[in-house]
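Participant: fold the following for me, if possible:
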Amino acid sequence: MSEIDQVAHEIERSTFELIVPLQTTKEIKQDAFVALDKAARDLARLLKGSELIPRKILANLDMAAGILEAEAPYSRDQALVLEMSRKLRLSFGLILGGECQEDRQPGAPRVR
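Facilitator: Model prediction:
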């Protein structure tokens, strides 16, 4: 199993662990989000500069961000859930742009 496949599996697993409790009991599983965010960051690092990106993994990441955004108004902590969605969308955008989080340093100009 390649490193990208391992990250894809982690994205699926942690998305399930985060989304199902949020949708059913409104419980926010922060540990599941931490795992999902780390996997999304790892994916951005692994795919940095790649011309070919796996659509299924990106679709799962986008789906998770969209569900978080949709569930936020009904959750126990709307701001937290929206922040989770924002972080996933940032990783998604960076992957599409061929970048990763390490490319974005506060106060440093971005030169391509």
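Participant: tell me how many other residues crowd Ala65.
Facilitator: 22 (other CB atoms under 10 Å). All C-beta spots, glycine's among them, are computed from the backbone N, C-alpha and C.
Participant: go ahead and confirm it touches Gly93.
Facilitator: No - using CB atoms under 8 Å, Ala65 makes no contact with Gly93, being 10.2 Å away.
Participant: quick one: the nearest residue to Ala65 once chain neighbours are set aside from Leu58, how far?
Facilitator: Distances taken as CB to CB, 6 or more residues apart in numbering put Leu88 closest to Ala65, at 3.9 Å, once the chain neighbours are dropped. Look at Leu88 and Leu58: by CB to CB, to the nearest Å, they are 11 Å apart.
Participant: number of residues surrounding the residue nearest to Ala65?
Facilitator: For Leu88, using other CB under 10 Å, the count is 26.
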